[in-house]
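Peer 1: sharing a model that was predicted from the sequence below.
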Amino acid sequence: MRMSKKLTQTETLPYTYPELYRGPKEWYVHFHYRNPETGEMERFKDSWGLNKKRTSTGVNKLQPI
């Protein structure tokens, strides 16, 4: 089992911890990561199909009420 290196107070992670957003009409996971080319933090957001529901005819995207 590989052990990860512990970070000191002067080092920072190249990403933020993911957070789950659960809104009234959509769910998604978002976090920021450091782009190695620019050195800036960029946002990543994806729903991975969380906003879809299965019906008898297949998978449909949820429609706003």
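Peer 2: Yep, that arrived.
Peer 1: C-terminal to the longest strand along the chain, what's the next element?
Peer 2: Counting by DSSP state E, the longest strand found in the chain is strand 27-34. Next helix or strand after strand 27-34 toward the C-terminus (DSSP states H and E): strand 41-46.
Peer 1: thinking again about what came up before, the longest strand of the chain vs strand 41-46, what angle?
Peer 2: Compare the direction of strand 27-34 with that of strand 41-46 by axes from the mean of the first three to the mean of the last three CA atoms, to 10 degrees and you get 160 degrees.
Peer 1: for strand 27-34, buried residues please.
Peer 2: The neighbour-count check on strand 27-34 (16 or more other CB atoms under 10 Å) flags residue 32 as buried. In this view, the C-beta of every residue, glycine as well, is placed from N, C-alpha and C.
Peer 1: remind me what that strand packs against, helices and strands.
Peer 2: strand 19-22, strand 41-46 (3 or more CB pairs under 8 Å, 6 or more residues apart in numbering; DSSP states H and E).
Peer 1: may I have the shortest one as CSV, with CA atoms only?
Peer 2: Extracted in CSV, the C-alpha atoms of strand 19-22 (Å, rounded to 0.1, in the frame of the first residue of the first chain):
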residue,chain,number,x,y,z
GLU,A,19,-18.6,19.2,-2.7
LEU,A,20,-22.0,17.9,-3.6
TYR,A,21,-24.5,20.6,-4.6
ARG,A,22,-28.1,19.5,-4.2
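Peer 1: what's in contact with it?
Peer 2: 27, 28, 29, 30, 31 (CB atoms under 8 Å, 6 or more residues apart in numbering).
Peer 1: where in the chain is pLDDT low?
Peer 2: 1-11, 54-65 (pLDDT under 70).
Peer 1: how many neighbours does residue 12 have?
Peer 2: Neighbour count of residue 12, defined by other CB atoms under 10 Å: 11.
Peer 1: could you single out the most deeply buried of the helices and strands packed on strand 27-34?
Peer 2: strand 41-46 (a mean of 11; mean count of other CB atoms under 10 Å).
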